[in-house]
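Engineer: fold the following.
(chains A and B)
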Number of protein chains: 2
Amino acid sequence: MLRIALGQMEVIPGRPDLNTAKMLTMINAACNHQADIIIFPEMAIPGYLLGDTWEQQAYLRDCEAFGRQIIAAAGNICVIFGNVAVQWDRHGDDGRVRKHNACFVAHNSRLIATRIKTLHPNYREFDDTRHFVSLRKLAFEEKQDIETLLTPVKISLQGREYTLGCIICEDGWNDDYSTDPIAALHANGPLDLLINISSSPFTLGKNNKRNRVFSRQARETGTPLLYVNNTGLQNNGKTVYTFDGFSTVYSSSGQIITYCQPFTETLAYLELDVDTGGRHRPPVEVPNDFTISSLYQAIHYGVKQFLQSVGITKVVIGVSGGIDSAVAAALYASIISPDNILLVNMPSKFNSQTTRDLAEQLSRNLGCLYTVMPIGQAVEHTAAQITGTPVTNLGSGEQSHLSVSPFVLENIQARDRSARLLGGIAAAFGGVFTCNANKSELTVGYSTLYGDQAGFLAALADLWKHQVYQLADYLNTQIFNREVIPQAAIELVPSAELSWEQSVDEGKGDPIIYPYHDFLFRAFMEFWNRATPEDIVLWYSQGPAVLEQKLGCEPGLVSRLFPGPREFIEDLERWWRLYTGMGVAKRIQAPPVLAVSRRAYGFDHREAQNNVYFTQEYQRLKNQLLPVP
Amino acid sequence: MLRIALGQMEVIPGRPDLNTAKMLTMINAACNHQADIIIFPEMAIPGYLLGDTWEQQAYLRDCEAFGRQIIAAAGNICVIFGNVAVQWDRHGDDGRVRKHNACFVAHNSRLIATRIKTLHPNYREFDDTRHFVSLRKLAFEEKQDIETLLTPVKISLQGREYTLGCIICEDGWNDDYSTDPIAALHANGPLDLLINISSSPFTLGKNNKRNRVFSRQARETGTPLLYVNNTGLQNNGKTVYTFDGFSTVYSSSGQIITYCQPFTETLAYLELDVDTGGRHRPPVEVPNDFTISSLYQAIHYGVKQFLQSVGITKVVIGVSGGIDSAVAAALYASIISPDNILLVNMPSKFNSQTTRDLAEQLSRNLGCLYTVMPIGQAVEHTAAQITGTPVTNLGSGEQSHLSVSPFVLENIQARDRSARLLGGIAAAFGGVFTCNANKSELTVGYSTLYGDQAGFLAALADLWKHQVYQLADYLNTQIFNREVIPQAAIELVPSAELSWEQSVDEGKGDPIIYPYHDFLFRAFMEFWNRATPEDIVLWYSQGPAVLEQKLGCEPGLVSRLFPGPREFIEDLERWWRLYTGMGVAKRIQAPPVLAVSRRAYGFDHREAQNNVYFTQEYQRLKNQLLPVP
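Structural biologist: Alright, predicted model coming up:
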């Protein structure tokens, strides 16, 4: 029987000092608990998402020194942990010193083994290949097989020798690779334990898949599998990732026999009879993580950790009376004390009494501080200053005047609210102001730069509008257990209220028809093989039902919304132009986005500010649908 | 004798239709010119920097179809061009359809050969490994040698067989790789021509190195080398790259025998006697490209192309009277007509008559439109509104008031200028407004978010302050041939003039001491192995002269600026904190940066918003210098 400690620690990226101190504390506790082995996550010492900090040799030396402290602390206990491994006398393809993402095994205060990550994820937000040499690349260079380089680690515990297979994160997700690290390990003979140390960001629904994949690995190899993942928050600037931990142990028959609470730093213990591989233990039920509850948990955790990480305790939120800012306000109020939240309503003449009242009601319900600062006077002054001040050609002395169109005035209002008022109020309040944009808006740039797109963090910007509504309902019914977000705000037509054309009292609002466009936009940006107008119009030409099924939207919606192909195509092109045009320009200057989906804006959705483009085949399909008369 | 056409075309990323049309025109012209071969750049059809557009299968099919058009057009002429090669029945490591960055050789309207890029750059802004399978990876998968897969291409021209070695961009920059594609090609026997098709962004000084490296390759292999690179502008959102073309032919003795003008789309012809490898031809002199003239050329070209690419014809520039906005104004005035440039001076009570006059003088010199819109009234209104409007606790009814500190007021001013005025003016003028930030400011976040950091493009943000001065001088003396930027603006102390503490008339200004900090910041961010406080303090402790030499700043400066280690370290920590702290947060929301240096902010300088950190060794060195009493 082995006693194994799962060190599901919060890893603080870029703070090897704090991470090492945490690990030493956990090692000490595990020793006191007579554990035989303690397992820490991938890159437990340096952190995982560090940008190009890996190019600082001083940082590498520092992480190595902290690694030596951990090795020294591994006395009677075998310590398995992730760190960067540096080969100072060799270089990588970039000419810089050679680095590996590695798993260290230490025992009796000595380093027993180092194993290098074989597979480097090179999609979504991952950047391993930029910095590290994989075992796969090394095998090619040295003309060796993976199984020759990725051998099991043997350790002696309680007078017996155990054979451990140590892999790192992506090594366990090898279905699409031509290299299989688990098979390579088993080619060296049977294993007692398969250990996967990970630093795997939360993605809605990913744990469900992980449990299927890892359970199969344990079952097929007849080896208990221990998955240890970190908690905490890491980011690559534009995109912020939560790490849920959710460390899990699979028995040799593929059953889950224990797991750690997600989003919770914890040191868990497991007694494992290696001879039976835990297969006689009762399986435990793990929660489905493709739920609104998971989503809330991730966002709540992400915001809390982000505030803590940047040292922010006070938040200003512009509340319009609409749904997005209401959800933002309720979310923050579930994290920090209402005294530290200042809700600001900034009406213009275009804002209805309905939404003003809703903003106040929301503030009352949440118990936050509240203030109303109208923008009318400032907007009038701006418009008057711009139109009233002459523009001079100093050569000819000729003077002219600028004029302000209604559309220009809409954006002046939005910038007035955010950059002029919220920026000043937040600084005066000693805090920051939030960006309440959702993913639907961000997709097509339906917001004003330096206006409602501004803020220190876009906490809801990875949620489609329909998910914002789900979150509103969840906050009321499950978190606050009362109607903090007024039901009328949920039922209100979504509107920016920047002109009389957007009057909520007349049921007028946003040009985005969320029940359809949410799903169209999702197909553009979240599908693994991105949908383009060519795909959309092909599906449409196969029948609206085909399109609705492919997009996943409500059946019957497409025919209801679009009288015919002309209207359908006009709409498609309009939004594609915005998504690949102005939307890109605005996202370049957007705040960091808190990621929850399988693809978030930012580093996970790389894009260039290029021309809008329609393929030849799209043109052909379009011409079929809309024959030139 | 072969007649070879070098198709140094402008590649428009994401526009395979336009690129193909251009190629067809050039093929036609080359045919009329009796050329035997025409060579186009890497990824000539799709473009190179496309973000994740590679994940759109419709786009891939489209590029394939355009590729077939080019192959069909290759009649008597052999056409060599770059395109994406798709293997629809295989997948990459990400599970998506397998793609290669490839070189196609077509002749007699048939595809003769496809060669895959062997080495993928995976540093700076490059992202090849994310999307494409390299020949190196393929060799590993198939357990083959590179020389087996990368064979020369044989074509028949004028009744004779020629052996071509076709490589792509990074394949020629293999010094740091364990794989050498050129050696692999030669392992298959002698070549008549080595052809390197590239899509290589401009970097100040890179062509000097390229000429050394490629000249050596031609000489050592005794093979004439033809390097064909595209012109144009490509970007990955946060960072914008110019492509200078500068296609060059090296004789078999390594001499440069012809080259194309940089930043100029051109179809050049070369008569090459393959038997002598051009070694009897007179060498031509290529210009040194590590000069202020190159820098200006790149920035000028970059801004011109960017404006054209996003369809902007009118520009608003906030002019303070200081150097950065003056250089921005002169730069834009060298690109678009002064009638389409509106310079706006936005004084507050803190702005001196000196700078107001300089702003007006600048506008007069350039012949741009000019207007003065003071911000005093709006700033006062904002401060009064924020301090005068009660903040209410709706529960208790308790009211309080916010207060506005002088620092808060500084940022209110900056945001008032940019987000309130310039945003509105630009929209009313029918254009955009510029961001005039330089690299020194951007490094430490010495600018206000939604204030002077805002703008549609940061054209000068890859220039250190001392380069901005060089550019000012160059614009006056070489471009305009008169003092368009007033000499007094060049001599003025740099200042934001946001408070009386920054009065230029009293010689007070920015806290950044550019002659030293430019070089310190450069060491943090541009050095291939990034310098950190640990390195800096180590060099300092070896003597100020060591530090000055390492940084490349003026000798004697360090001792002059810092009376002792305490002041030195205080300064070092102050700026490191800003560079890795607030600076990161601000850069996340910065406009796109036009890149010219070996490392620009954005995609070329990946960074996370993490804690500020000092290594253990730094602490030790610091304690040595500043012993605790």
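Engineer: which residues in the stretch 51-200 of chain A form helices?
Structural biologist: Along the stretch 51-200 of chain A, counting by DSSP state H, counting those that start in this stretch, helices occupy A:57-73, A:128-131, A:135-141, A:146-149, A:181-186.
Engineer: could I get these in JSON lines, plus columns for distance to chain B, mean neighbour count and mean pLDDT?
Structural biologist: Using the backbone N, CA and C atoms, a C-beta is placed for each residue, glycine as well. Written out in JSON lines, the entries for the helices of the stretch 51-200 of chain A read as follows (distance: least, Cβ to the nearest Cβ, whole Å; neighbours: other Cβ atoms under 10 Å in any protein chain shown; pLDDT from 0 to 100):
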{"stretch": "helix A:57-73", "distance to chain B": "4", "mean neighbour count": "19", "mean pLDDT": "98"}
{"stretch": "helix A:128-131", "distance to chain B": "5", "mean neighbour count": "21", "mean pLDDT": "96"}
{"stretch": "helix A:135-141", "distance to chain B": "4", "mean neighbour count": "21", "mean pLDDT": "95"}
{"stretch": "helix A:146-149", "distance to chain B": "10", "mean neighbour count": "16", "mean pLDDT": "95"}
{"stretch": "helix A:181-186", "distance to chain B": "13", "mean neighbour count": "22", "mean pLDDT": "97"}
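Engineer: is A:Arg482 in a helix, a strand, or coil?
Structural biologist: Following DSSP: H, G, I helix; E, B strand; the rest coil, the label given to A:Arg482 is coil.
Engineer: how about the nearest residue to it, chain neighbours excluded?
Structural biologist: Spatially, and ignoring its direct neighbours in sequence, A:Arg482 is nearest to A:Asn476 (6.9 Å; Cβ to Cβ, 6 or more residues apart in numbering or on different chains).
Engineer: how near is that neighbour to A:Gln487?
Structural biologist: 8 Å (Cβ to Cβ, to the nearest Å).
Engineer: residues touching the residue of the stretch 451-600 of chain A found nearest chain B, list them.
Structural biologist: Per Cβ to the nearest Cβ, the residue of the stretch 451-600 of chain A with the smallest distance to chain B is A:Glu534, at 3.9 Å. For A:Glu534, the residues meeting the contact criterion (Cβ atoms under 8 Å, 6 or more residues apart in numbering or on different chains) are A:614-615, A:617-618, A:621, B:58.
Engineer: of all the helices of the stretch 51-200 of chain A, which lies closest to A:Val327?
Structural biologist: Within the helices of the stretch 51-200 of chain A, the stretch nearest A:Val327 is helix A:128-131; the backing value is 34.7 Å (Cβ to Cβ).
Engineer: how about residues contacting the closest one?
Structural biologist: So helix A:128-131 is contacted by A:52, A:54-55, A:92, A:99, A:101, A:117, A:120-122, A:134, A:170, B:122-123, B:129, B:606 (Cβ under 8 Å, 6+ apart).
Engineer: centroid-wise, who is the farthest residue in chain A?
Structural biologist: Residue farthest from the centre of chain A, counting by Cα atoms, centre = their mean, is A:Ser396 at 55.9 Å.
Engineer: can you tell me the helix or strand for A:Ala44?
Structural biologist: If you go by DSSP states H and E, A:Ala44 is not part of any helix or strand.
Engineer: domains of chain A?
Structural biologist: Using automatic domain parsing, the domain ranges for chain A come out as A:2-285, A:314-510, A:513-629.
Engineer: what about the nearest residue to A:Asp473 once chain neighbours are set aside, distance to A:Tyr514?
Structural biologist: Distances taken as Cβ to Cβ, 6+ apart put A:Ile490 closest to A:Asp473, at 7.2 Å, once the chain neighbours are dropped. Applying Cβ to Cβ, one obtains 13 Å for the distance of A:Ile490 from A:Tyr514.
Engineer: give me the common contacts of those two.
Structural biologist: Contacts common to A:Ile490 and A:Tyr514, judged by Cβ under 8 Å, 6+ apart, are absent.
Engineer: near chain B, anything from the longest strand along chain A?
Structural biologist: Ordering each strand of chain A by length in residues (DSSP state E) puts strand A:78-91 first. Yes. Contact between strand A:78-91 and chain B, assessed by Cβ under 8 Å from any Cβ of the partner chain, occurs at A:His91.
Engineer: give me the sheet partners of that strand and which way each runs.
Structural biologist: Its sheet considered, strand A:78-91 pairs with strand A:37-39 (parallel), strand A:97-107 (antiparallel) by DSSP bridges.
Engineer: can you give me the buried ones in it?
Structural biologist: Buried residues in strand A:78-91, counted by 16 or more other Cβ atoms under 10 Å in any protein chain shown: A:78-86, A:91.
Engineer: about what we covered before: so for B:Ser405, which of the helices of the stretch 51-200 of chain A sits nearest?
Structural biologist: Closest among the helices of the stretch 51-200 of chain A, using Cβ to Cβ: helix A:57-73, at 35.9 Å.
Engineer: tell me which residues are up against that closest one.
Structural biologist: Residues outside helix A:57-73 that contact it (Cβ under 8 Å, 6+ apart) are A:16-17, A:19-20, A:23-24, A:27-28, A:45-46, A:53-54, A:79, A:81, A:83-84, A:86, A:97, A:99, A:104, A:106, A:109-111, B:529-530, B:532, B:534-535, B:613, B:615-618.
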